[in-house]
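In: Please work out how this folds:
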Amino acid sequence: MIFLTAKSDSWFCFKCGSPIALGDDCCGYITSKKGLLLFHIPCFTEWSSNNFMKRYQEWKASNTEDKVKHRTKRKIGRPRIYKSSIQANKIRSSLHYYRKRGNQDKVQELEHMLSNLEIRREHETNAMSSM
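Out: Residues are numbered from 1 along each chain as shown. Alright, predicted model coming up:
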């Protein structure tokens, strides 16, 4: 809200619609949709109190209504394979290293650790055990 002095006779009050006389004090209210709204000072006080109460009533009504619960948004992209992707990446890089070196004991140990981190494997075993 800003206070202005009318500099021309072509200014009109937003509330009452009457022209604002040259040299009269007026109030300007800036909105994003309509730009600058000009008011007489008494018109602005009435308009702002009514506007405030109207918005408060709308807000109160929207809070008391039963709101529709929003669905949780499904994750877009590839599904997770491992519980901890950082730990799985470390194990996979070590696995690659030991496979190149030919250390089969360490490869089997790392494959077992990696299979314990899998998410899908837990779901498959739970589904099979319930049958």
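
In: For the chain, just list every one of the strands.
Out: Shown for the chain, the strands assigned by DSSP state E span residues 2-5, 25-31, 35-40.

In: could you give me the average pLDDT of the longest one?
Out: In other words, strand 25-31. The average of the pLDDT scores along strand 25-31 is 87.

In: mind listing what's buried in it?
Out: Neighbour counts using 16 or more other C-beta atoms under 10 Å place 26-29 of strand 25-31 among the buried residues. Using the backbone N, CA and C atoms, a C-beta is placed for each residue, glycine as well.

In: Which among the strands of the chain is found nearest to Met113?
Out: Using C-beta to C-beta as the criterion, the shortest distance between Met113 and those is 61.3 Å, found for strand 25-31.

In: Out of the strands of the chain, which is closest to Cys13?
Out: Between Cys13 and the strands of the chain, the tightest spacing by C-beta to C-beta is seen for strand 35-40, at 5.0 Å.

In: Looking at the buried residues of strand 25-31, point me to the pair that's furthest apart.
Out: Cys26 and Tyr29 (10.4 Å).
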